[in-house]
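Undergrad: I'll drop the sequence and a predicted model, then ask my questions.
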Amino acid sequence: MNIAKIILWSAGLGLMTPALVAQGFGPGMGGGRCQAQGGLPFLGGHMAHLLNLTEAQQTSAKAVADRHQASLEAKAKDAGAARNALRAAMQDPATSDAQLKALQAKAGEAQLPVMLERRAMMREFEAILTPDQLAVLKQQRLQGGSGPGKGHGMGRGMGPGGCGMPGMGGL
């Protein structure tokens with residue numbers, strides 16, 4: 001992927017994340033944690049129904065979310081601060097293009113650890129699924145989501161908030 005695409009994706013993520021963070025850690029690109037569900041989309045709702053998680057799997061999924069919670073929150077806080085600095089600079093007419101470029105790069109760099117942490121959490125979750133459940137998950141990713149109106153579970157792109165994982169291209 002060339003640098004222009006990376007910058008474009010980083011800017012898009014940077015601009016979308018604050019609104020999605022406000023909605024919670026949801027099926028899309030949330031930033032918080034769903035209180036009752038440990039921050040994973042599979043502990044409740046339509047996706048949990050589709051995957052038919054056992055009690056043991058639900059417990060394991062919650063443990064995965066709990067293990068990543070502090071690190072994910074810290075990384076999301078850093079990314080949010082970088083985005084806020086960029087947003088403030090965008091509104092200041094005295095900010096030079098070079099300053100904006102540097103702030104945008106910093107915001108993109110701060111978002112990467114968040115994405116990597118979420119991906120690591122998802123990989124750990126996938127490890128507790130059966131082959132049949134993994135096939136259902138894969139099918140949902142290919143369809144770009146689940147349920148009415150999509151955006152539930154692992155939707156494509158960055159869907160609405162709620163209690164789930166980022167939809168970032170069907171990770």
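TA: All right, it came through fine.
Undergrad: report the separation between residue 111 and residue 73.
TA: From residue 111 across to residue 73, the span is 14 Å (Cβ to Cβ, to the nearest Å). Every C-beta, even on glycine, is put in place using the N, C-alpha and C of the backbone.
Undergrad: with residue 123 instead?
TA: In terms of Cβ to Cβ, residue 123 sits 19 Å off from residue 73.
Undergrad: how about the longest helix anywhere in the chain: buried residues?
TA: Assignment by DSSP state H gives helix 55-91 as the longest helix of the chain. By 16 or more other Cβ atoms under 10 Å, the buried positions in helix 55-91 come out as 57-58, 60-62, 64-65, 68, 72-73, 75-76, 79-80, 82-83, 86, 89.
Undergrad: stretch 47-57 too?
TA: Buried, per 16+ other Cβ under 10 Å, within stretch 47-57: 47-48, 50-51, 53, 57.
Undergrad: how long is it end to end?
TA: Taking Cα to Cα, to the nearest Å as the measure, stretch 47-57 stretches 13 Å from start to finish.
Undergrad: averaged pLDDT, it. What do you get?
TA: When pLDDT is averaged along stretch 47-57, the result is 84.
Undergrad: try stretch 81-91
TA: 96.
Undergrad: do the same with stretch 100-108
TA: The average pLDDT within stretch 100-108 is 96.
Undergrad: dump that stretch to PDB, keeping only the CA atoms.
TA: This file holds the C-alpha atoms of stretch 100-108, laid out as PDB (Å, rounded to 0.1, in the frame of the first residue of the first chain):
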ATOM      1  CA  LEU A 100      -1.000  20.100   9.700                       C
ATOM      2  CA  LYS A 101       0.900  17.400   7.800                       C
ATOM      3  CA  ALA A 102       3.000  16.600  10.900                       C
ATOM      4  CA  LEU A 103      -0.100  16.500  13.100                       C
ATOM      5  CA  GLN A 104      -2.000  14.300  10.600                       C
ATOM      6  CA  ALA A 105       0.900  11.900  10.500                       C
ATOM      7  CA  LYS A 106       1.000  11.800  14.300                       C
ATOM      8  CA  ALA A 107      -2.700  11.100  14.500                       C
ATOM      9  CA  GLY A 108      -2.400   8.200  11.900                       C
END
